[in-house]
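**Student:** kindly return the folded structure for what I paste below:
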Amino acid sequence: MTVKIKVYSDYVCPFCLLAEKPLLDAIQGKDVEVEWMPFELRPYPNETLKPEGHYLQNTWKQGVYPMAERLGVHIVLPKVSPQPYTHLAFEGYQYAKEKGKGIEYNDRMLRAFFQEEQDIGKIDVLTRLAGELGLDEKEYREALETRKYKEVHQEALRHAYEEVNITSVPTFVIGNTKFAGIHSKETLEQIIDQEIRKQTPDFPEGMACGIDGC
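**Tutor:** The predicted structure is shown next:
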């Protein structure tokens with residue numbers, strides 16, 4: 001039975017990019033279904049962070065860069081200031097998911113921001129990135145300009161905030177197990193294996209074949 005894995009993330013959270021590698025390593029050869037779920041750390045009109053500020057400078061120096069080095073993941077603190085709002089990128093995610101490219105889109109947004117320092121709050125940038133994935137640029141742009149997926153995205157946020165009670169990202173929900181933060185490949189494998197065992201039905205006790213057949 002397939003184990004469902006939901007990963008709640010925001011495109012301006014560096015730990016969400018760093019969480020990808022251990023997860024991809026852990027699911028190799030396993031019957032799992034991964035879905036990335038939207039979460040906005042600072043939704044509009046809340047003020048977003050500035051990379052030149054002490055908070056981000058200290059967080060990256062003390063936490064992000066050391067962890068990225070251990071994981072072997074290239075990442076930089078983007079100079080985009082202030083950090084972009086991510087609602088349009090997430091509305092684009094809903095479009096990409098409909099087209100069967102949700103996972104690729106999610107990865108592209110994270111890498112565009114944290115490896116290429118692109119401003120993923122701008123429609124022109126988002127449209128070009130969508131085109132790189134083979135998505136129809138005209139259709140994608142129109143979806144963002146008309147806010148076609150606004151309600152779908154807002155419902156996804158409501159689900160994250162109210163139903164799952166997400167308070168930080170990345171947060172994983174593997175089967176019925178929920179936990180936040182980056183975890184090692186081994187820890188993720190252990191949780192996935194536990195969920196697989198939970199979902200495997202036990203054989204009824206006392207059942208056996210006899211000499212007269214089954």
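**Student:** the closest residue to Glu137 other than its chain neighbours - how many residues pack around it?
**Tutor:** Nearest residue to Glu137, sequence neighbours excluded (Cβ to Cβ, 6 or more residues apart in numbering): Gly131, at 4.3 Å. Quick note: C-beta positions are derived from backbone N, CA and C, even for glycine. By the criterion of other Cβ atoms under 10 Å, Gly131 has 14 neighbours.
**Student:** any idea how far Ala19 is from Thr187?
**Tutor:** 12 Å (Cβ to Cβ, to the nearest Å).
**Student:** so which of the two has more stuff around it?
**Tutor:** Ala19 (25 against 13).
**Student:** that one and Ala26: what is the separation?
**Tutor:** Ala19 is 11 Å from Ala26, by Cβ to Cβ.
**Student:** do the same with Ala96
**Tutor:** 24 Å.
**Student:** one more: Lys99?
**Tutor:** 27 Å.
**Student:** same thing with Asp193?
**Tutor:** Distance from Asp193 to Ala26, by Cβ to Cβ: 10 Å.
**Student:** now swap in Arg197 and tell me
**Tutor:** From Arg197 to Ala26 the distance is 16 Å (Cβ to Cβ).
**Student:** which one's more surrounded, the two?
**Tutor:** Set Arg197 next to Ala26 and count neighbours by other Cβ under 10 Å: Ala26 wins out with 23 against 8.
**Student:** please enumerate the helices of this structure.
**Tutor:** For the chain, applying DSSP state H gives helices covering 14-18, 20-26, 54-59, 65-71, 87-98, 102-114, 123-132, 137-145, 150-158, 185-199.
**Student:** reformat those as CSV; add mean pLDDT and distance to Ile5.
**Tutor:** Converted to CSV, those look like this (pLDDT from 0 to 100; distance: least, Cβ to Cβ, whole Å):
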stretch, mean pLDDT, distance to Ile5
helix 14-18, 98, 14
helix 20-26, 96, 8
helix 54-59, 97, 26
helix 65-71, 96, 19
helix 87-98, 98, 15
helix 102-114, 97, 11
helix 123-132, 98, 24
helix 137-145, 98, 26
helix 150-158, 98, 16
helix 185-199, 92, 8
